[in-house]
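Student: Have a look at this fold, sequence not included:
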């Protein structure tokens with residue numbers, strides 16, 4: 001999945017809708033093709049993040065090489081739950097996925113959100129966010 005700059009994940013989890021790797025200050029997400037990330041699945045993911053990071057702020061790096069949907073209203077309804085998220089980066093493989101990212105990013109108001117073409121650039125940017 002994601003091994004960047006020779007850093008191995010501290011913990012890895014597989015949920016029915018994707019695989020997740022946890023690092024010191026960020027989590028990488030590889031969501032399965034065709035998934036619909038509804039409120040229930042997003043709550044499950046962020047509960048996992050809360051358990052792992054405790055009170056520490058962290059970044060979310062989405063590896064968007066496959067097509068899946070996210071309920072953008074989740075980010076508005078549950079902004080208080082997302083207070084520990086310091087940045088959200090999407091690594092997109094093509095223009096169509098970048099356009100989807102732009103729409104979802106309009107709903108992400110709890111932290112900076114940006115798309116990248118490489119994992120390394122996404123991680124570097126996310127680590128620089130307050």
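Tutor: It's in. Just so you know, these numbers come straight off a predicted model, no measurement behind them.
Student: make it CA atoms for all contacts and neighbour counts henceforth
Tutor: Fine.
Student: Could you check how many residues crowd around residue 77?
Tutor: Other residues near residue 77 come to 10 when the count uses other CA atoms under 10 Å.
Student: Hmm, I typed the wrong one, I wanted residue 85.
Tutor: By other CA under 10 Å, 21 other residues sit near residue 85.
Student: Might you report the residue contacts of it?
Tutor: Residues in contact with residue 85 (CA atoms under 8 Å, 6 or more residues apart in numbering) are 57-60, 110-111.
Student: Tell me how far the nearest residue to it once chain neighbours are set aside lies from residue 32.
Tutor: Among residues not flanking residue 85 along the chain, residue 58 sits closest, at 5.1 Å (CA to CA, 6 or more residues apart in numbering). Distance of residue 58 to residue 32, given as CA to CA, to the nearest Å: 22 Å.
Student: Same check on residue 116?
Tutor: For residue 116, the distance to residue 32 - CA to CA - is 19 Å.
Student: do the same with residue 46
Tutor: On the measure of CA to CA, residue 46 and residue 32 end up 17 Å apart.
Student: more neighbours, those two?
Tutor: residue 32 (17 against 14).
Student: beta partners for the residue lying closest to the more buried one once chain neighbours are set aside?
Tutor: What sits nearest to residue 32 in space, not counting adjacent residues and going by CA to CA, 6+ apart, is residue 18, at 5.2 Å. On the basis of DSSP bridges, residue 18 is bridged to residue 15, residue 31.
Student: my guess is residue 10 meets residue 26, correct?
Tutor: No: in this structure, residue 10 is not within contact of residue 26 by CA atoms under 8 Å, at 10.5 Å.
Student: more crowded one of these two?
Tutor: The neighbour count for residue 10 versus residue 26, taken as other CA under 10 Å, is higher for residue 26 (23 against 11).
Student: Do a quick rundown of the helices in the protein.
Tutor: 39-53, 73-77, 95-105, 119-128 (DSSP state H).
Student: Tell me the buried residues in the shortest one?
Tutor: The one in question is helix 73-77. If you call a residue buried by 16 or more other CA atoms under 10 Å, then helix 73-77 has these buried ones: 74-75.
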